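Undergrad: I'd like to go over a predicted model; first the sequence, then the structure.
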Amino acid sequence: MKKTEAECCDVVAAHTDIIREVRAKMPGEVTIQELADFYKVFGDATRIRILCALLQAEVCVCDLAELLGMSQSAISHQLRILKQMKLVKNRREGKTVFYSLADGHIQTIISQGMEHISE
């Protein structure tokens, strides 16, 4: 990613009507923090790999560990974070725990992110 400077106005003149309108439509601080925490989860490459795998199929922990070349413990740790943020869900079948994306929103977020970076 190349660095570029943001361009600034040559004149300092606040547009109070625009500021008032935008301020009225801004989400509250609690919502802003929740959204920041949500997107923070996507900042880890291992979690993105897990989500990309789950985009393809429901997968058990041991298969994810093999697929990503990591320990089951490390995968479980990341899955716990993803589940806490409601990005994945799980189901138990005997002694095996299968994970999948929590809902279609997560698939959309990942797909749109991939589309965005490939432009």
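TA: In hand now; what should we look at?
Undergrad: using PDB, write out the CA atom coordinates for the helix or strand where residue 97 lies.
TA: Assigned by DSSP states H and E, residue 97 belongs to strand 96-101. Provided in PDB are the C-alpha atoms of strand 96-101 (Å, rounded to 0.1, in the frame of the first residue of the first chain):
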ATOM      1  CA  THR A  96     -16.600 -33.200  16.600                       C
ATOM      2  CA  VAL A  97     -17.300 -29.500  16.600                       C
ATOM      3  CA  PHE A  98     -18.100 -27.900  13.200                       C
ATOM      4  CA  TYR A  99     -17.900 -24.200  12.600                       C
ATOM      5  CA  SER A 100     -19.600 -22.100   9.900                       C
ATOM      6  CA  LEU A 101     -20.200 -18.400   9.200                       C
END
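Undergrad: tell me what whichever helix or strand comes after it is packed against?
TA: Downstream of strand 96-101, the next assigned helix or strand under DSSP H and E is helix 104-117. Using 3 or more C-beta pairs under 8 Å, 6 or more residues apart in numbering; DSSP states H and E as the contact test, the elements touching helix 104-117 are helix 45-56. (Each C-beta comes from the backbone N, C-alpha and C, glycine too.)
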